[in-house]
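Chemist: this is a predicted model, with the sequence first.
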Amino acid sequence: MKTKKLIIATVLFFAGFMVSQAQIDTRIGAELAYGTEIENLGIGANAEFGVLDNLSVSPSFIYYLPKEESFITVNWWEVNGNVNYYFMQDEGFQLYGLGGLNYTNVSVDADIDFGEFGNFSSNASDGRFGLNVGAGANLDLGSSIMPFAELKYVIIDGGQLVLSAGVKFSI
């Protein structure tokens, strides 16, 4: 008798999980971003996979345009794995909080020309793990295209506030 109740409860749980999983579509997209630490624009790609009724997993990648200052070039990119919790899902507008992991890689190249004394070149790179915390909003236009905007703070050495906007496509 207990086994039968356990099987029924398990089936109902997974049936409920599958129904609620369908509430958030799977989406892929592109975004433009601005990072306050690098003080430059970035381009990126993202995805979103519904897990529960109000919960999704959202990986992303942002590559910031190289920044040149004098004889130094800075290259910066980040990979994120966020969880989005939807607080509001009205028709046409969705608001969510986000939290997750971040990996940031920064490389610096220096190239100095000393004229007849020769050239000096050096490079260094460093990668760090951090945490993301922020919020975002989707604008549901009733089609497969969904504009969005996010504001997140990356908790890492020096920290960085990232503002991004783009579009997601339902697949």
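Modeler: Noted; the coordinates are in hand. Numbering: from 1, shown residues only.

Chemist: wait, is residue 32 part of a strand?
Modeler: Yes: assessed by DSSP: H, G, I helix; E, B strand; the rest coil, residue 32 belongs to a strand.

Chemist: any figure for the gap between it and residue 97?
Modeler: 22 Å (Cβ to Cβ, to the nearest Å). C-betas here are computed from N, CA, C, even on glycine.

Chemist: how about residue 132?
Modeler: 11 Å.

Chemist: quick one, what contacts the closest residue to residue 89 other than its chain neighbours?
Modeler: The shortest distance from residue 89 to any non-neighbouring residue, by Cβ to Cβ, 6 or more residues apart in numbering, is to residue 54 (7.3 Å). Residues near residue 54 by Cβ atoms under 8 Å, 6 or more residues apart in numbering: 23, 24, 85, 86, 87, 89.

Chemist: where along the protein do the strands fall?
Modeler: Applying DSSP state E to the chain gives strands spanning 27-35, 40-52, 55-69, 72-90, 93-113, 119-139, 145-155, 160-170.

Chemist: contacts for the last one, please.
Modeler: Counting by Cβ under 8 Å, 6+ apart, the neighbours of strand 160-170 from elsewhere in the structure are 25-38, 42, 44, 46, 48, 62, 104, 134, 138, 144-154.

Chemist: which among those end up buried?
Modeler: 27, 29, 31, 33-35, 37-38, 42, 44, 46, 48, 62, 104, 134, 138, 146, 148, 150, 152, 154 (16 or more other Cβ atoms under 10 Å).

Chemist: on that earlier part again, more neighbours, residue 132 and residue 97?
Modeler: Using other Cβ atoms under 10 Å, the more surrounded residue of residue 132 and residue 97 is residue 132, with 22 against 14.

Chemist: where does that one land on pLDDT?
Modeler: Listed pLDDT for residue 132 reads 98.

Chemist: and what of the one 10 residues further on?
Modeler: For residue 142, the pLDDT comes out at 84.

Chemist: the residue nearest the centre of the chain and residue 154, how far apart?
Modeler: Geometric centre of the chain, nearest residue: residue 60, 3.8 Å, by Cα atoms, centre = their mean. Between residue 60 and residue 154 the computed distance is 12 Å (Cβ to Cβ).

Chemist: how about residue 27?
Modeler: In terms of Cβ to Cβ, residue 27 sits 22 Å off from residue 154.

Chemist: now residue 79
Modeler: For residue 79, the distance to residue 154 equals 11 Å [Cβ to Cβ].

Chemist: contacts only, for residue 127.
Modeler: Taking Cβ under 8 Å, 6+ apart, one finds 103, 104, 105, 106 in contact with residue 127.

Chemist: who's in contact with the second one?
Modeler: It stands for residue 104. 76, 77, 78, 127, 128, 130, 154, 156, 160.
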